[in-house]
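> Sharing a sequence plus its predicted fold:
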4 protein chains.
Amino acid sequence: MYVESRTRVRYKETDQMGIAHHSNYLVWFEIGRTDLCRAVGIPYAEIERRGYILVVTEISCRFRTPFRYDDEILIRTSVAEIASRAMRFSYELYDAEATDLRASGFSSHMWLDRESRRPVRGDGEVVAAFRPWADGC
Amino acid sequence: MYVESRTRVRYKETDQMGIAHHSNYLVWFEIGRTDLCRAVGIPYAEIERRGYILVVTEISCRFRTPFRYDDEILIRTSVAEIASRAMRFSYELYDAEATDLRASGFSSHMWLDRESRRPVRGDGEVVAAFRPWADGC
Amino acid sequence: MYVESRTRVRYKETDQMGIAHHSNYLVWFEIGRTDLCRAVGIPYAEIERRGYILVVTEISCRFRTPFRYDDEILIRTSVAEIASRAMRFSYELYDAEATDLRASGFSSHMWLDRESRRPVRGDGEVVAAFRPWADGC
Amino acid sequence: MYVESRTRVRYKETDQMGIAHHSNYLVWFEIGRTDLCRAVGIPYAEIERRGYILVVTEISCRFRTPFRYDDEILIRTSVAEIASRAMRFSYELYDAEATDLRASGFSSHMWLDRESRRPVRGDGEVVAAFRPWADGC
């Protein structure tokens, strides 16, 4: 179960190799994460308003085929793992026609209290909303 | 009266023209602004701790000669105008030897209360500290 | 006569003031420029393939109301001036409903030969295609 | 055997969590890689001039303690693996005093011919120069 997002490679995102710089992939992952939260029914901005932040604890990405300026990118985002204190999202980046898997990766996160910045259990309603999206559930 | 900062063009900052993307110049201006605040004796982080933010209201930049990957950039930052509610910084970007003026610009700012986000007079001590740095004073 | 583009503020584009960092506005201008070229019938990538680059010589932006994370931005891009060797684009950034003008600016450009990096007259077909888009023409 | 680089967190690099956005870590890794090439005696720009590019095939990063605006970052970069067609760099990010390991990661790369964009053996002289820097050699 995944959510799809689309964006285009911005000129700013290219580098002198003539391809999109690899650090942008993490930003595209984040677009997918934002859209997944929206699809789940709890926009990420709402999560922060409830007093939580979902910080990144680990990132991994494998790059297969580069994207070029103005290419449309199809982002597929899913919930790979969910627990009360942590989550993992996984991502696949395709060409516009979804025929060529160009990169894949994951991001691991944990919940912090927004004020104290201490690890906490995630908001119950939020965690429950994500749970049905976890693979294999 | 100006403050000098130095940085190098990061690979990430290049684009497919093979030069540094123009949006980075605003980030380099910001490095200069940060170092000027430090030189004035009031690091910008301290200004925010005092309950103020200095938001950007206008930006202008003229680009003469491009910077390339790994070039050293010399940033000269000065206070162009200062009033109780607003400030303007000006910037010159040179090659490492300061012989070639490659870009110049300014940024205009106003003081906001950090909580209410309303325009306010800047912190008296901060404004007084910047005043001697204004050109022609 | 303008072209409209839409994008959303990415989490990466926010800063610790809790608003979109001002340097991103130049990147949003560039999205508008890319879409205007596409609307004109000559995608910018095609312009570079023809052996030209359109470098930025000046940028200006006035900031009125900030954008926040996940806000939709409406970009209106038009051709402000066109000559054989130079162009100026102008930009207006609105909220999603186009009721609140949040920022406006322009970018000036000149044509360079992609190989020699010397100023040249723009490709005749390209300049002719942009001409009807210039304001007041 | 590692190379040390230092940089400061730019205001642009913060996000609305009040910490440096995680995607910047890949850019800081790249600063380390650039400085390691320089230390090895072959600036990366020289590698591209010889007709090669060193593309990223995989990235991984673990985040422990965040960096904040204006924090000084100490980057330690080393060569983790080297072969004729591929390389892996590893990175450790510390606070200015090198007492707190805040993040660590690696980047895997392969050599491409700059024109054909096909995988090739790296330039012999370049690979030989990196070899003594590989851990455990």
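Structure received.
> which other residues reach stretch A:22-36?
By Cβ atoms under 8 Å, 6 or more residues apart in numbering or on different chains, the list of residues contacting stretch A:22-36 from outside reads A:3-5, A:7, A:9, A:13, A:43-44, A:59, A:61, A:63, A:73, A:75-79, A:89, A:91, A:93, A:103, A:105, A:107, A:133, B:12, C:8, C:10-12, C:70, D:22-24, D:26-27, D:30, D:56, D:59. All C-beta spots, glycine's among them, are computed from the backbone N, C-alpha and C.
> and if you look at stretch A:103-110?
Under the criterion Cβ under 8 Å, 6+ apart, residues A:25-26, A:29, A:33, A:54-65, A:80, A:85-93, A:119 lie in contact with stretch A:103-110.
> Now, the contacts of stretch A:22-36 that are in helices?
By the criterion of DSSP state H, membership of the contacts of stretch A:22-36 in helices covers A:44, D:24, D:26-27, D:30.
> In CSV: the residues you listed, plus distance to residue C:38 and pLDDT.
Supplementary listing: the ones in helices among the contacts of stretch A:22-36 in CSV, determined by distance: Cβ to Cβ, whole Å; pLDDT from 0 to 100:
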residue, distance to residue C:38, pLDDT
A:44, 30, 97
D:24, 31, 98
D:26, 30, 98
D:27, 29, 98
D:30, 31, 98
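> sorry, back to before: tell me the buried residues within the contacts of stretch A:103-110.
Among the contacts of stretch A:103-110, those buried by neighbour count (16 or more other Cβ atoms under 10 Å in any protein chain shown) are A:25-26, A:29, A:33, A:54-63, A:80, A:86-93.
> Counting neighbours, what do you get for the nearest residue to residue A:95 once chain neighbours are set aside?
Leaving aside its sequence neighbours, residue A:95 sits nearest to residue A:102 (Cβ to Cβ, 6 or more residues apart in numbering or on different chains; 6.4 Å). Applying the criterion other Cβ atoms under 10 Å in any protein chain shown, we find 19 residues in the vicinity of residue A:102.
> ok, residue A:102 touching residue A:96?
No: when contacts are counted by Cβ atoms under 8 Å, residue A:102 is not listed as touching residue A:96 (10.9 Å).
> Pull up the overlap in contacts between the two.
Shared contacts of residue A:102 and residue A:96, defined by Cβ under 8 Å, 6+ apart, are found at residue A:73.
> is any part of the helix or strand where residue A:54 lies close to chain D?
Per DSSP states H and E, residue A:54 falls inside strand A:52-63. Yes: legend: contact between strand A:52-63 and chain D by Cβ under 8 Å from any Cβ of the partner chain is shown at A:53, A:55-63.
> just checking: which of these also lie near chain B?
With respect to chain B, and counting by Cβ under 8 Å from any Cβ, no part of the residues of strand A:52-63 next to chain D is in contact.
> Check whether residue A:68 really touches residue A:17, as I assumed.
No: Residue A:68 sits out of contact with residue A:17 when judged by Cβ under 8 Å, with a separation of 10.1 Å.
> In terms of neighbours, single out the busier of the two.
Higher neighbour count among residue A:68 and residue A:17: residue A:17, with 21 against 13, using other Cβ under 10 Å.
> what's the distance between the nearest residue to residue A:98 once chain neighbours are set aside and residue C:43?
Distances taken as Cβ to Cβ, 6+ apart put residue A:74 closest to residue A:98, at 5.4 Å, once the chain neighbours are dropped. Residue A:74 sits at a distance of 19 Å from residue C:43 (criterion: Cβ to Cβ, to the nearest Å).
> list the contacts for the residue lying farthest from the centre of chain A?
In chain A, the residue that sits farthest from the middle, by Cα atoms, centre = their mean, is residue A:16; the gap is 26.3 Å. The contact partners of residue A:16, taken as Cβ under 8 Å, 6+ apart, are B:11, B:14-19, B:69, D:48.
> what does residue A:86 give?
Contacts for residue A:86 were tallied using Cβ under 8 Å, 6+ apart; they are A:57, A:108-111.
> swap the cut-off to 10 Å and go again
Residue A:86 makes contacts with A:54, A:57, A:108-111, A:119, A:121-122, as judged by Cβ atoms under 10 Å, 6 or more residues apart in numbering or on different chains.
> Any regions of chain A where pLDDT drops low?
Per-residue confidence of chain A (counting by pLDDT under 70) places the weak regions at A:135-137.
> Write out the residues of it neighbouring chain B.
For chain A, the residues in contact with chain B under the definition Cβ under 10 Å from any Cβ of the partner chain are A:10-24, A:68-69.
> again, only using 7 Å
A:11-12, A:14-16, A:18, A:21, A:23, A:69 (Cβ under 7 Å from any Cβ of the partner chain).
> ok, the contacts of residue A:86 vs chain C, which is closest?
When the contacts of residue A:86 are compared for distance to chain C, the smallest value, 10.3 Å, is given by residue A:54; criterion: Cβ to the nearest Cβ.
> Spatially nearest residue to the closest one, not counting backbone neighbours?
Take residue A:54 and drop its neighbours on the chain: the residue closest to it by Cβ to Cβ, 6+ apart is residue A:109, 4.7 Å away.
> State the next helix or strand along the chain beyond the helix or strand containing that neighbour.
Under the criterion DSSP H and E, the helix or strand holding residue A:109 is strand A:101-113. Remark: after strand A:101-113, the chain's next helix or strand is helix A:124-130, criterion DSSP H and E.
> Show me what counts as buried in that next one.
A:126-127, A:130.
> That one packs against which elements?
Using 3 or more Cβ pairs under 7 Å, 6 or more residues apart in numbering or on different chains; DSSP states H and E, the elements in contact with helix A:124-130 are strand A:72-82.
> Tell me how far the strand it packs on lies from the chain's centre.
Relative to its parent chain, strand A:72-82 has a centroid offset of 6 Å by Cα atoms, centre = their mean, to the nearest Å.
> any residues touching it, and which ones?
A:1-9, A:28, A:31-33, A:35-36, A:67, A:87-96, A:98, A:106, A:127, A:130-131, A:133-135 (Cβ atoms under 7 Å, 6 or more residues apart in numbering or on different chains).
> then that strand to PDB, C-alphas only?
Below are the C-alpha coordinates for strand A:72-82, written out as PDB (Å, rounded to 0.1, in the frame of the first residue of the first chain):
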ATOM      1  CA  GLU A  72       9.000  14.100 -13.900                       C
ATOM      2  CA  ILE A  73       9.600  11.900 -10.900                       C
ATOM      3  CA  LEU A  74       7.100   9.500  -9.500                       C
ATOM      4  CA  ILE A  75       7.500   8.900  -5.800                       C
ATOM      5  CA  ARG A  76       5.900   5.800  -4.100                       C
ATOM      6  CA  THR A  77       5.900   6.000  -0.300                       C
ATOM      7  CA  SER A  78       4.900   3.400   2.100                       C
ATOM      8  CA  VAL A  79       5.100   2.600   5.800                       C
ATOM      9  CA  ALA A  80       7.600  -0.200   6.200                       C
ATOM     10  CA  GLU A  81       7.500  -0.500  10.000                       C
ATOM     11  CA  ILE A  82       5.500   1.100  12.800                       C
END
